[in-house]
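J.: Attaching a predicted model along with its sequence, questions to come.
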Amino acid sequence: AYISVPDLDVLARLFVNKKRLTSRDRFRVMRMMFGGHVSPYDYHQVGLTWEFLSGYLQEAGFTEISRVENFGLFDDTSKLKFKDVLISLNVIAQKPIQAHLLGPQGIDSTQIKKQFDSGIEHHKAGRLAKAEACYKQVLQWHPNDADALHLLGVIAAQQGQYQTAIEKIGRAVELKPEAATFHSNLGNAYQESGQLAQAIECYEKVIQLQPDHADTYKNLGIAFKGQGKLEKAVKAYKQALQLKPDYADVHFALANTLKLEGKLKEAIQSLQRTLQLQPDHPQANNNLALALQHQGKLKEAIPFYRRALKIKPDYALAHSNLLYGLHYSDYEPSAIYSEHRQWAERHARLFAAAIQTHDNDRNPERRLRVGYVSGDFRSHSVAYFLEPPLVAHNRRDFEVICYTNNKKVDAATARLRELADGWREIYALDDEQVVESVRQDGIDILVDLSGHTGSNRMLVFARRPAPVQATYIGYPDTTGLSTIDYRLTDAW
């Protein structure tokens, strides 16, 4: 058994340190010391001393009891801190296997523990196949070993097999419902598989078992944001920050959610705090630049774009955001053009050698297939310009397929979808997958409608999935790409 509870000795020393803790902090410590959340028998919610816990485990029949600094394997509570002080009492305990639980060769508890510990070592070292074999062997000897089931589920999640992870960890939870870590990792598996309601239930259970676990509040915020429940997400992030004020990732997540709520000033404050804690956070630099740009503070924004690219030179999105922003600056047109060419040189040139030849049918009598790629097939100016050509296009000679890079839909989306001969949702696909989709569709002419604006797929066009490529309406300038053959525009 792996047991992690608040260390009463450490908590007591914290409690009497009035200079270190506020009254609110001391109240939280008191709750961990004396419990009172559910019942006095809920030991996982009450601070214990090593002497009491080891004695209690001996009375319960455990013979091998050892205290460890932390478990060090997964997202658990063995490294829990309060005010930067480690407060967890972490114990590994083993009961002797009863005769009716012995395997066919009479496997005893020492052999099972050795096999399990070997799995842990392989797991820590990233040798997942060997770790999995060890845990499976443990389960052959002891089918209801909750820890082995849980870790098999963790391995499945690490390999992207989320349904298997849910089944394994779910069974472990049934066997050991008081294990907060099990509920946490089950929630993570649900979240990764897109089952957000179930993930939220798991995280709320973790909070019942371990009220002061900042990571769980962070995960809860991510799930609520995924559901579009922004107010609840903000509340969860702020609860995480009450427990861990210097948590840079949560400040960043909070900023992004506040921006979605339209609270730009508060979002900027959270991004600035993120960068105080983690100056080399490329996404925070990019997002702060975007937020400042939206406030009209372009001169303040540009250095943050530059900083993001210095930290992460291959950050194509930040570079695209910079290009778009430069059109509202006092940069000379020649300098803006040069920056576009630099974008192509930095981000697109490496794909040139891998561009495949096209085997499109050259029969002049067949219908040509035209593809439009955009993140703006919704109530947006791009959609308003595109709709009339789609209404009037020559269906005898041309077939139109739209590739949408935005999961937002509205009435305009529905109209465009009806007008297209084919509709592909590509927002969840990586660039190579989109390229393959375009090639399978046999597109003859692929048209970009975004340029370097949001939700663009410039790096798809850099791979030239279609023999002829053009850009139209969504951007006021060159893309910088040599793989874009034409720009459709007014004659000015």
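T.: That came through, no problem.
J.: So which residues of the stretch 1-150 of the chain form strands?
T.: 2-6, 64-68, 81-82, 85-86, 88-94 (DSSP state E, counting those that start in this stretch).
J.: pLDDT score for residue 163?
T.: Listed pLDDT for residue 163 reads 96.
J.: what's the answer for residue 81, then?
T.: pLDDT, read off for residue 81, is 78.
J.: so it touches residue 87, yeah?
T.: Yes - Residue 81 is in contact with residue 87 according to CB atoms under 8 Å; the separation is 6.6 Å. Bear in mind the C-beta positions are built from the backbone N, C-alpha and C, glycine included.
J.: Neighbour count for these two, which is higher?
T.: Taking neighbours as other CB atoms under 10 Å, residue 81 and residue 87 compare with residue 87 leading, 22 against 13.
J.: In which helix or strand does the nearest residue in space to residue 355 that is not next to it in sequence reside?
T.: Beyond its immediate neighbours in the sequence, the residue positioned closest to residue 355 (CB to CB, 6 or more residues apart in numbering) is residue 464, lying 4.8 Å away. Under the criterion DSSP states H and E, no helix or strand holds residue 464.
J.: Neighbours of residue 464, how many?
T.: Neighbours around residue 464, by other CB under 10 Å: 23.
J.: Report the separation between it and residue 298.
T.: Separation of residue 464 from residue 298 (CB to CB, to the nearest Å): 33 Å.
J.: try residue 225
T.: Distance from residue 225 to residue 298, by CB to CB: 28 Å.
J.: what do you get for residue 348?
T.: 25 Å.
J.: same thing with residue 386?
T.: Counting by CB to CB, the gap from residue 386 to residue 298 is 29 Å.
J.: For the two, work out which one has more neighbours and name it.
T.: Using other CB under 10 Å as the criterion, residue 386 and residue 298 rank with residue 386 on top: 25 against 19.
J.: Which residues lie in contact with that one in this structure?
T.: Applying CB atoms under 8 Å, 6 or more residues apart in numbering, we find residue 386 in contact with 372, 374, 377, 416, 449, 473.
J.: Tell me the predicted confidence for it.
T.: pLDDT at residue 386 comes out at 96.
J.: give me the element it is part of.
T.: helix 381-392.
J.: Now tell me what touches the helix or strand immediately after that helix in the chain from outside.
T.: Moving toward the C-terminus from helix 381-392, the next helix or strand (DSSP H and E) is strand 398-404. Outside strand 398-404, the residues that touch it by CB under 8 Å, 6+ apart are 367-375, 377, 390, 393, 413, 416-417, 419-427, 434, 437-438, 441, 443, 457.
J.: Mind giving me the packing neighbours of the worst-scoring helix or strand of the chain on mean pLDDT?
T.: Sorting the helices and strands of the chain by mean pLDDT, DSSP states H and E puts helix 23-34 at the bottom, at a mean of 74. Under the contact definition 3 or more CB pairs under 8 Å, 6 or more residues apart in numbering; DSSP states H and E, helix 23-34 sits against helix 8-15, strand 81-82.
J.: Make CSV out of the ones you listed and add distance to residue 69.
T.: Putting the helices and strands packed on helix 23-34 into CSV (distance: least, CB to CB, whole Å) gives the following:
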stretch, distance to residue 69
helix 8-15, 13
strand 81-82, 13
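J.: Pick the most buried one from the ones you listed.
T.: Comparing those by mean neighbour count (mean count of other CB atoms under 10 Å), helix 8-15 ranks first with a mean of 18.
J.: who does it touch, helix- and strand-wise?
T.: Using 3+ CB pairs under 8 Å, 6+ apart: helix 8-15 touches helix 23-34, strand 85-86.
J.: how close does the most far-flung residue of the chain relative to its centre sit to residue 371?
T.: Ranked by distance from the centre of the chain (CA atoms, centre = their mean), the top residue is residue 365, with 48.2 Å. Using CB to CB, residue 365 is found at 21 Å from residue 371.
J.: Same question for residue 285.
T.: 34 Å.
J.: Residue 82 touches residue 214, doesn't it?
T.: No - counting by CB under 8 Å, residue 82 sits too far from residue 214 to count as a contact (10.1 Å).
J.: Between the two, which contacts overlap?
T.: With CB under 8 Å, 6+ apart, residue 82 and residue 214 have common neighbours residue 243.
J.: before we move on, the earlier item: wait, which of the helices and strands packed on helix 23-34 is closest to residue 65?
T.: Closest approach to residue 65 among the helices and strands packed on helix 23-34 (CB to CB): helix 8-15, 17.0 Å.
J.: Return the residues in contact with residue 216.
T.: 184, 187, 203, 206-207, 210 are the contacts of residue 216 under CB under 8 Å, 6+ apart.
J.: let's see 7 Å
T.: Residues counted as contacts of residue 216 (CB atoms under 7 Å, 6 or more residues apart in numbering) are 184, 203, 206-207.
J.: about what we covered before: filter the contacts of strand 398-404 down to the buried ones and express that as a PyMOL selection.
T.: Listed next is the PyMOL selection for buried residues among those, using 16 or more other CB atoms under 10 Å:
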select buried, resi 368+369+370+371+372+373+374+375+377+390+393+413+416+419+420+423+424+426+434+437+438+441+443+457
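J.: I'd like to know which of the contacts of strand 398-404 are part of strands.
T.: 368-374, 422-425 (DSSP state E).
J.: Kindly present those as a markdown table, with separate columns for distance to residue 360.
T.: Shown next, in a markdown table, are the ones in strands among the contacts of strand 398-404 (distance: CB to CB, whole Å):
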| residue | distance to residue 360 |
| --- | --- |
| 368 | 9 |
| 369 | 8 |
| 370 | 12 |
| 371 | 12 |
| 372 | 17 |
| 373 | 17 |
| 374 | 22 |
| 422 | 16 |
| 423 | 21 |
| 424 | 18 |
| 425 | 24 |
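J.: Closest one to residue 164 out of these, please.
T.: The closest of those to residue 164 turns out to be residue 425 (CB to CB; 26.2 Å).
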